[in-house]
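# sequence? don't have it. structure:
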């Protein structure tokens, strides 16, 4: 019988840990060497796709690991973008300072929202509504206040150099976002596999039982929210540097929040690399549909319908997302999700292929 390929064994969860590491090393080498063997347009496309994967992974820390549904992460994305654009365009201050300023404001905003949602005696969908209102409020302020550029937004001069984080070619941007993705994967993995992640998981599954067990649910949810907001603002800062032009209707748009949520759900909410894959694939699909020469915005409408259809199919067929579905990680950990599941499947196939055995008395004369 023909042995399955490494892709099949990876998808079936039968690939052991050393083999997984080899595959990851090969993928990492391919990603690092891409600018030398790939075209410039491919590098540009992957740069934006990886940015969306990064954003989905940032949302996953609070929405996937902690189980708190935020629909206003576009607010933190816009804060990071305006932190860079405002200081550089209006005051001529280097984007490095703008990144730190955006991170600081995002942390403060997340702390205030988290306190209002988790500590004050509100109920129901308080967190969801507060985050949504927060993003919309920031968008209205940016559109109204002229110093922020109003509805036209902010455009800052293009001065290539390391101090301005502006480059004539797309390769430096690609390596920056590649480093961002690698960093957030490490952060997510450390959180998920540590005591912080285990306690967040218990809060997500049953907050009442977690509190009864002595877990400080409020403080942990707030910590996850602040980390998620800070990383999202970093993505916004990179977006501003990449395009050198932002508008409030773009960076504070709920579309960004929806894309983060959908990418995380499709890729695998609560997993390490699933949201990165889901976010990148979702943006790639949307961009491909939008660029089809269909006219009258038909491609954008088709993209919306396909995204909705993909979400329905994923939720129905792979409720844990693409990543757990392909890797066999239905139970946390390599042993439970990979080796054990493959052995159960092998045992099931053996039972189906075995010949039926008659009653014991048939063997005697």
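Ah, there it is. This structure is a prediction, so every number in the text was calculated from the model and none was measured.
# Could you give the number of residues near residue 25?
10 (other C-beta atoms under 10 Å). C-beta: built from backbone N, CA, C; applies to glycine.
# Please apply the same query to residue 249.
Around residue 249 there are 13 residues (other C-beta under 10 Å).
# I'd guessed it sits against residue 139; true?
Yes: if you go by C-beta atoms under 8 Å, residue 249 and residue 139 touch, sitting 6.9 Å apart.
# Strands along this structure, start to end?
154-155, 245-246 (DSSP state E).
# Give me the packing partners of the last one, helices and strands only.
When contacts are defined as 3 or more C-beta pairs under 8 Å, 6 or more residues apart in numbering; DSSP states H and E, strand 245-246 sits against helix 73-91, strand 154-155.
# same thing with the first one?
Applying 3+ C-beta pairs under 8 Å, 6+ apart, we find strand 154-155 packed against helix 73-91, strand 245-246.
# so which of those comes closest to residue 285?
helix 73-91 (20.0 Å; C-beta to C-beta).
# So for the closest one, what gets flagged as buried?
Buried residues in helix 73-91, counted by 16 or more other C-beta atoms under 10 Å: 73-89.
# quick one, which of the strands of the chain is packed in tightest?
Of all these, strand 245-246 carries the top mean neighbour count, a mean of 21, counting by mean count of other C-beta atoms under 10 Å.
# With residue 210 as the reference, measure out to the residue nearest to residue 83 when sequence neighbours are not counted.
Nearest residue to residue 83 in three dimensions, chain neighbours excluded: residue 102, at 2.7 Å (C-beta to C-beta, 6 or more residues apart in numbering). Noted for residue 102: a distance of 32 Å to residue 210, by C-beta to C-beta, to the nearest Å.
# which one of the two has more residues nearby?
Neighbours were counted for residue 102 and for residue 210 using other C-beta under 10 Å; residue 102 has more, 30 against 19.
# can you pull the contacts of that one?
Listed by C-beta atoms under 8 Å, 6 or more residues apart in numbering, the contact set of residue 102 reads 79, 80, 81, 82, 83, 84, 233, 234, 236, 237.
# Dead centre of the protein: give me the residue that sits there.
The centroid of the chain falls nearest to residue 56 when counting by C-alpha atoms, centre = their mean (1.8 Å).
# pLDDT score for it?
Reading off the confidence values, residue 56 has pLDDT 95.
# I'd guessed it sits against residue 276; true?
Yes: with contact defined as C-beta under 8 Å, residue 56 reaches residue 276; the gap is 6.7 Å.
# ok, back up a step: could you dump the helices and strands packed on strand 245-246 to TSV with distance to residue 61 and mean pLDDT?
Below are those laid out as TSV (distance: least, C-beta to C-beta, whole Å; pLDDT from 0 to 100):
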stretch	distance to residue 61	mean pLDDT
helix 73-91	11	94
strand 154-155	29	91
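# Nearest to residue 135 among those would be which one?
helix 73-91 (3.6 Å).
# Which elements pack onto that closest one?
helix 40-60, helix 95-114, helix 126-144, strand 154-155, helix 217-243, strand 245-246, helix 248-251, helix 254-267.
# What is the neighbour count of residue 259?
Residue 259: 23 neighbours (other C-beta under 10 Å).
# Enumerate every residue touching residue 59.
70, 73, 228, 232, 257, 260, 261, 264, 275.
# before we move on, back to that, between residue 56 and residue 276, which contacts overlap?
residue 267.
# what's the spacing between residue 158 and residue 172?
In terms of C-beta to C-beta, residue 158 sits 14 Å off from residue 172.
# and the residue lying closest to residue 250 once chain neighbours are set aside, what are its phi and psi?
Spatially, and ignoring its direct neighbours in sequence, residue 250 is nearest to residue 153 (7.4 Å; C-beta to C-beta, 6+ apart). Main-chain dihedrals, residue 153, degrees, to the nearest 10: phi 80, psi -160.
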